[in-house]
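Novice: Sharing a model prediction with you, sequence too.
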Amino acid sequence: MIRRSLVYLLLVFCFFSCKEKGLDTKLIASKYYQGVVKILLMDPEGEKIEPGKGYLGRGSGFIVTEDGYLFTNKHVVEMCVKGYVDYNYLEDTEELNSVAVYSEDLLINPALTKVNRTGHSIPIVQVYNGTGENDYKLYIAEVVSIGSGSYDGAMLKIVSDLEGKPVRKKFKTVPLGNSDDVAQGENLCVYGYPAQFGGSAALMLKDLSTISLGIMSGYDYVFNEDYGYLKTDAEIHPGNSGGPVFSEENKVI
């Protein structure tokens, strides 16, 4: 009887220990929040005019090496490479304002009525060391590589603090998986910093991370014929761009 009970306990233990755990959002949120970052685009010249004047936009990213290399989307940091245009344009009879990546096509667009400011932005990376809204540090990064054509990816490197002092610390990273191993119908977790508030850079710094769930809905080869894009029904909002998507292996794909 004792032997039979021991065998039963071993079988139960093996069942629970060998069973595939699957997507664990609590683990992801508690273990990797320091590796998922917010990226703010700031124009230093605009900041000289007035604090907060240089804020242009934001996105998300994730750290992949302890010395501060991180991944984001190309369209998040394109203004850092190509520059930007703050301009007014006419839509029907109403004059509107917008900020866009610099291009000659934009400047010759007949709808453009006025250019207010041009320049280059720099990426400021907000790295959390706790779960509170003030538990973070800000760092200056530089774009080290950026995608071409339809590839919407970019690599950044954290280089200094806001005073320009080199960074010596080790950063927390996220684990990387293989997107080729993801199957249609698999559960996914989108992690990042969607814009919850509109307004100043100071207000945007208060946006906390958000997790949304969905499935891998399928592939889309229209914009990338070679590899395709993974589609998901998870909620994704402006500001999520560049943030990681975790698979059922609890790794970024």
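Specialist: Done, it's in. Residues are numbered from 1 along each chain as shown.
Novice: And the helix or strand that residue 47 is a member of, what does it pack against?
Specialist: Secondary structure assigned from DSSP states H and E places residue 47 in helix 44-49. Contacting helix 44-49 under the criterion 3 or more CB pairs under 8 Å, 6 or more residues apart in numbering; DSSP states H and E are the following elements: strand 112-119. (C-beta placed from N, C-alpha, C; glycine too.)
Novice: Report the beta-bridge partner residues of residue 142.
Specialist: Taking DSSP bridges, one obtains residue 157 as the residues bridged to residue 142.
Novice: Hmm, I typed the wrong one, I wanted residue 61.
Specialist: Per DSSP bridges, residues listed as beta-bridge partners of residue 61: residue 37.
Novice: Now do residue 111 against residue 240, distance only.
Specialist: Residue 111 sits 29 Å away from residue 240, going by CB to CB, to the nearest Å.
Novice: of the two, who's got more company?
Specialist: Counted by other CB atoms under 10 Å, residue 111 and residue 240 do not tie: residue 240 has more neighbours, with 21 against 12.
Novice: So which residues of the stretch 1-150 of the chain form helices?
Specialist: 2-18, 25-32, 44-49, 74-82, 104-107 (DSSP state H, counting those that start in this stretch).
Novice: ranking those by mean pLDDT, which is last?
Specialist: Mean pLDDT is lowest for helix 2-18 among the helices of the stretch 1-150 of the chain, at a mean of 45.
Novice: shaky segments in the chain?
Specialist: 1-21 (pLDDT under 70).
Novice: Swap in 80 and give it another go.
Specialist: Low-confidence segments of the chain, defined by pLDDT under 80: 1-21, 150, 197-200, 223-228.
Novice: tell me the contacts of the residue nearest to residue 221 when sequence neighbours are not counted?
Specialist: Leaving aside its sequence neighbours, residue 221 sits nearest to residue 228 (CB to CB, 6 or more residues apart in numbering; 4.5 Å). Neighbour list for residue 228: 219, 220, 221 [criterion: CB atoms under 8 Å, 6 or more residues apart in numbering].
Novice: and the gap between residue 202 and residue 126?
Specialist: For residue 202, the distance to residue 126 - CB to CB - is 12 Å.
Novice: try residue 178
Specialist: Distance, residue 178 to residue 126, by CB to CB: 29 Å.
Novice: Which one's more surrounded, these two?
Specialist: Ranked by neighbour count (other CB under 10 Å), residue 178 and residue 126 place residue 126 first, with 19 against 10.
Novice: distance of the residue lying closest to the more buried one once chain neighbours are set aside from residue 137?
Specialist: In space, and not counting its chain neighbours, residue 126 is closest to residue 38: 4.1 Å by CB to CB, 6+ apart. Separation of residue 38 from residue 137 (CB to CB): 12 Å.
Novice: okay, and the common contacts of these two?
Specialist: residue 126.
Novice: out of these two, which sits in the busier spot?
Specialist: It is residue 38, of residue 38 and residue 137, that has more neighbours when counted by other CB under 10 Å, with 25 against 13.
Novice: residues contacting the more buried one?
Specialist: Neighbour list for residue 38: 58, 59, 60, 61, 125, 126, 193, 205, 207 [criterion: CB under 8 Å, 6+ apart].
Novice: run the last query once more with 7 Å
Specialist: 58, 60, 126, 193, 207 (CB atoms under 7 Å, 6 or more residues apart in numbering).
Novice: Then the last one would be within a strand, right?
Specialist: Pointing back at residue 207 there. No: counting by DSSP: H, G, I helix; E, B strand; the rest coil, residue 207 is located in no strand; its state is coil.
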